[in-house]
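Engineer: Kindly generate the corresponding structure for this input.
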Amino acid sequence: MKTGSGAVMKRYTKKISRALKQAGPAALISSVSLLTACGGGSGSEVTQAEDTETFFSNFTLNISDAPVDNASEVVVFFSTVELRGNGDAITIDVTDNNGDPREIDLLTLQGNAFASLIEDFELPAGEYTQIRIPVSEASYVVMDDGTWPLSVPSGEVKLDGFTALAGEEQTFTVEFDLRKSLVDPQGQDEVFLKPRGIRLVDNSEAGGIEGRVGESLLTQAACSVKSDFTYGNAVYVFEGTGLDVASLGDDADTSATDTEFRPVAIATVNTETSSDQSSYGLGYLEAGDYTLALTCLGHLDEPETDDDNELSFLTVKEVTVAANEVTIANFDN
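Structural biologist: This is a model prediction of the structure:
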């Protein structure tokens, strides 16, 4: 190396060392070749070392949530995140400062709120086909009828992959839609967190929706089957516009004969009892056109059951979501 390039070489060596720890022994040969390439004596070698910045993406992974009616806490413990598909699997430690599993109550992360599992991690650029997030057996749910263990199929959340872009800062959010994913099966002493309501969102391509809901909409005759008008109100979000309102369905799984539209997300309508002001908010939606449908009977929607006979929508609204923007969509009286 030429005089004056020591700092660059030090930074380059540090990055290669990190990559080796993450990628394993298979990366050893290629890393040796890269380091050897720096040992010449021309000015271009400094440029080559600086170009190694583009071998990595600056990777951040957040957690967010859309809430559910019958739970007051959904506490999940995380220790690692595993990325697969770009050579050897990369396992990232996400424990807290004491080395204990990271504890997150999903119900504290509504709307655009989030908690970071991974921040500014130097991730080797390339294609990652899957994200796996193990969930500790210590996870639990506090519901109306008590506290129950929270179980995840195969013990981990499995998400689609992404492309780590060289030289880019990238932030993704794991969105837990608990209305769609939290299942309380009859006769079992645990609650299940199903993958059907969990999405991976690229923050650079996502926006949000928020708005007010008029009280008169929530106190119609159709809502009189419940004693508390503030309970069970929700906004269902469907992809696309110009949809047949009669074909808007609940969040049950689709089947071969199913002709209904299924929501991509569901937002709880929250009412401030001191002012009777109701509002909703939903973050981390991919940019595009959506149909919003308001219901006052969302508490009757069972995630794995087609509830068409019980669930009905009071009114609908069409919106366009733009990346990095919040769209205002009010349901007025």
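Engineer: how about the strands of the stretch 201-333 of the chain, start to end?
Structural biologist: Along the stretch 201-333 of the chain, counting by DSSP state E, counting those that start in this stretch, strands occupy 206-213, 234-239, 265-268, 270-272, 277-286, 288-295, 315-321, 326-328.
Engineer: Val68 is nearest to which of those strands?
Structural biologist: When the strands of the stretch 201-333 of the chain are compared by CB to CB, strand 265-268 sits nearest Val68, at 7.5 Å. The C-beta positions use only the backbone N, C-alpha and C, and glycine is treated the same way.
Engineer: Report the distance from that closest one to the chain centre.
Structural biologist: Relative to its chain's centre, strand 265-268 lies at 13 Å (CA atoms, centre = their mean, to the nearest Å).
Engineer: name the helices or strands packed onto it?
Structural biologist: In terms of contacts (3 or more CB pairs under 8 Å, 6 or more residues apart in numbering; DSSP states H and E), strand 265-268 is packed against strand 56-66, strand 169-177, helix 178-181, strand 234-239, strand 277-286.
Engineer: so of these, which one's packed in deepest?
Structural biologist: When the helices and strands packed on strand 265-268 are scored by mean count of other CB atoms under 10 Å, the highest mean neighbour count falls to helix 178-181 (a mean of 25).
Engineer: Okay, now the sheet partners of the helix or strand following that one, with direction.
Structural biologist: Note on helix 178-181: by DSSP states H and E, the next helix or strand toward the C-terminus is strand 182-183. Strand 182-183 sits in its sheet next to strand 191-193 (antiparallel), going by DSSP bridges.
Engineer: Residues contacting the strand it pairs with, please?
Structural biologist: Outside strand 191-193, the residues within contact range by CB atoms under 8 Å, 6 or more residues apart in numbering are 76, 135, 139, 141, 143, 148-153, 157, 176, 181-185.
Engineer: What is the burial count for the closest residue to Phe162 other than its chain neighbours?
Structural biologist: Among residues not flanking Phe162 along the chain, Tyr128 sits closest, at 5.7 Å (CB to CB, 6 or more residues apart in numbering). Counted with other CB atoms under 10 Å, the neighbours of Tyr128 add up to 23.
Engineer: what kind of secondary structure is Tyr128 in?
Structural biologist: Put simply, Tyr128 is strand when judged by DSSP: H, G, I helix; E, B strand; the rest coil.
Engineer: again, but for the one 5 residues further on
Structural biologist: Each residue gets one of three states, and Ile133 gets strand by three-state DSSP.
Engineer: and what of the one 3 residues further on?
Structural biologist: The local conformation at Ser136, judged by three-state DSSP, is coil.
Engineer: Apart from its neighbours in sequence, what residue is nearest it?
Structural biologist: Excluding the flanking residues, the one nearest Ser136 by CB to CB, 6+ apart is Phe77, at 3.6 Å.
Engineer: Now do the contacts for that neighbour.
Structural biologist: Neighbours of Phe77 in contact, by CB under 8 Å, 6+ apart: 101-104, 135-136, 138-139.
Engineer: Quick check: buried residues in stretch 268-278?
Structural biologist: By 16 or more other CB atoms under 10 Å, the buried positions in stretch 268-278 come out as 268-271, 278.
Engineer: Kindly reformat those residues as a markdown table containing pLDDT and distance to Val319.
Structural biologist: Shown next, in a markdown table, are the buried residues of stretch 268-278 (pLDDT from 0 to 100; distance: CB to CB, whole Å):
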| residue | pLDDT | distance to Val319 |
| --- | --- | --- |
| Thr268 | 91 | 18 |
| Val269 | 93 | 16 |
| Asn270 | 90 | 19 |
| Thr271 | 87 | 22 |
| Ser278 | 93 | 18 |
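Engineer: Turn these into CSV, columns for distance to Val201.
Structural biologist: Below are the buried residues of stretch 268-278 laid out as CSV (distance: CB to CB, whole Å):
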residue, distance to Val201
Thr268, 19
Val269, 22
Asn270, 22
Thr271, 27
Ser278, 26
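Engineer: Which one of these is nearest to Thr327?
Structural biologist: Nearest to Thr327 among those is Val269, at 16.5 Å by CB to CB.
Engineer: The closest residue to that closest one other than its chain neighbours and Leu200, how far apart?
Structural biologist: Spatial nearest neighbour of Val269, chain neighbours left out: Asn233 (3.6 Å); criterion: CB to CB, 6+ apart. The gap separating Asn233 from Leu200 is 28 Å, by CB to CB, to the nearest Å.
Engineer: Compare neighbour counts for the two and give me the winner.
Structural biologist: Legend: neighbour count by other CB under 10 Å for Asn233 and Leu200, higher for Asn233 (27 against 17).
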